[in-house]
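Q: Pasting a predicted model and its sequence here:
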Amino acid sequence: MLESAWHKRQKGECDSYRRDLFLHYHYSAHHLFFYEIIRQEMYMRAYDVERENEKISLRVMLTQGGTGFTLFINNESPETIELIRLWIIDITNNFHYNYSIPEEKKVLNPWSETFLSSFELKGFIGLTRRNYYVMRLVTSRGNIVETPPFIAVPGPVTEPPWLSLGYIEACFNKAETPVYDLSDSHLKTTPYKGGKAYISFKNIGSVTVFLTYESTIVFRSIGGLEPKCYAGYLVEWYCYVWDPKVEKWMLKDSGTITHVKDSKAIYPGEVVILGFEEPSEIPGSGAGIREGTYDVFFAASGYDEFGKIFFASIYIGTCEIP
Amino acid sequence: MKSKGISPIISALLLLAITVSVFSILLATIHWWLSDQRYYRMQAIRERLIIEDAWFMPPPKDTIIRLTFTNVGKTALAIRMVIVNGRVMWGLKEEKVEIEIGETRIIYVNLSSPWSPNTVYSIRVITERGNEIERIFSAPQRK
């Protein structure tokens, strides 16, 4: 029995199949008998070509503190595409949800873009912050397009693809680090009074990240007459482990960070204490930070285990320098 | 009494009638069979089925894979068998799921033992007309 073109295509034998089909139908005594079948084959082949022509790109922007989203759907093909279903897959908890596409968003004209907001989906229960998700769109011709996995935190967009999915957060847990707030020391938490600044960071994502010297700590004055901003480059890192025998934090490893030397690999779940040079108005110049009240941020820069660029902007808290 | 045979003309006509009717029946049967085959083949050509999703369900239902199928072809079809990693896991009891054009149906496949995390599963589906599709899925990590 002859196999269908689609069947052959599934097995990657499309070209040989076309040749076989040609030989079969043109040199066979059954030419006339199979006329209807040939017609059907041609018709379905045209349908398959339309299906292959479909090309959609997806971008996700997270809203509402990471619990909502806007999905940008770009039709990059000459075909009119009908969208039939959106799947949202919670990778962290292994749950699969599917939603119908609203009628007014179903048809996507050639070379056009539309967007789908989470509030347009009937029964949408919201994303869980910090869970990993994948979104999958199904078209009426049977194409399935997926976003890369992304984490539900405010701001990140799953495109461009070179952007890392890594995620770090300031570590304020006393049990995990000796430096659980902005500190003067890398061994314990002492109120910051200027000079070198230390803080702990935990990799709470699922990919390993490396930080580079371009990471900075930023101080933005609040409440003063004249607004001031200071920043200091990342210059060193420390890893401590708690020794229960002596009940002390013991230095496990440390290193410096320069333009030719990056941080150690920060593995998922690992806590690292980062040291910054004294913040100044011209970072790297040494002119020190003055007294005042500041909002403190960490602008992290680096790359991840997949070679993707890693950025993070973390609000640490308010700090008063006497 | 002397019996008389059938006249040569009548016998020729009879033979002709028998021959014609036998060949007519034969031709009709062949034509019917070929038409049936052709119709069946044409319907098979028009079949298109996709596996939209395979959900390896969390405990306590971790022996079950929920498969979502959509008929994206130009004819109604029926799923007769689901084969997971070379073993028939659904369809042995002659059950079938019919799917109209554009319709989506769900099949729960019981693996009889819990699925293995981070393992590749090949899922092959065979339709009533003999078409088959295959898609590879990776089971998720266990939480």
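A: That came through fine.

Q: Walk me through the domains of the chain.
A: All of this refers to chain A. Following automatic domain parsing, chain A resolves into domains at A:5-52, A:56-151, A:168-321.

Q: wait, I meant chain B there
A: According to automatic domain parsing, the ranges for chain B are B:1-45, B:48-138.

Q: and of the domains of chain A, who's closest to residue B:5?
A: domain A:5-52 (44.1 Å; C-beta to C-beta). Yep, even glycine has a C-beta here, placed from its N, CA and C like the rest.

Q: Have a look at chain A and report its longest strand.
A: In terms of residue count, the longest strand belonging to chain A (DSSP state E) is strand A:229-243.

Q: Around residue 39, count how many other residues there are.
A: Because you didn't say which chain, this covers chain A. Residue A:39: 12 surrounding residues under other C-beta atoms under 10 Å in any protein chain shown.

Q: nope, chain B please
A: 12.

Q: Tell me if it really is in a helix.
A: Yes. Counting by DSSP: H, G, I helix; E, B strand; the rest coil, one finds residue B:39 located in a helix.

Q: The residue in chain A positioned nearest to chain B and residue A:81, how far apart?
A: Using C-beta to the nearest C-beta, the single residue of chain A nearest to chain B is residue A:142, 3.6 Å away. Distance, residue A:142 to residue A:81, using C-beta to C-beta, to the nearest Å: 11 Å.

Q: quick one, which of these two is more surrounded?
A: Higher neighbour count among residue A:142 and residue A:81: residue A:81, with 25 against 22, using other C-beta under 10 Å.

Q: Bridged to the more buried one, which residues?
A: residue A:108 (DSSP bridges).

Q: contacting residues around it?
A: A:54, A:56, A:75, A:107-108, A:139-141 (C-beta atoms under 8 Å, 6 or more residues apart in numbering or on different chains).

Q: what about burial for these, which qualify?
A: Among the contacts of residue A:81, those scoring as buried are A:54, A:56, A:75, A:108, A:139-141 (criterion: 16 or more other C-beta atoms under 10 Å in any protein chain shown).

Q: Apart from its chain neighbours, what residue comes closest to the residue in chain B positioned nearest to chain A?
A: Chain A sits closest to residue B:72 of chain B, with a gap of 3.6 Å, by C-beta to the nearest C-beta. With sequence-adjacent residues excluded and distances taken as C-beta to C-beta, 6 or more residues apart in numbering or on different chains, residue B:72 is closest to residue A:142, at 3.6 Å.

Q: Where does pLDDT dip in chain B?
A: For chain B, the stretches flagged by pLDDT under 70 are B:1-4, B:143.

Q: List, one by one, the residues from it near chain A.
A: Contact residues, chain B versus chain A (C-beta under 8 Å from any C-beta of the partner chain): B:34, B:38, B:41-42, B:44-48, B:50, B:52-53, B:55-58, B:66, B:68, B:70, B:72, B:74, B:102, B:104, B:130-134, B:140, B:143.
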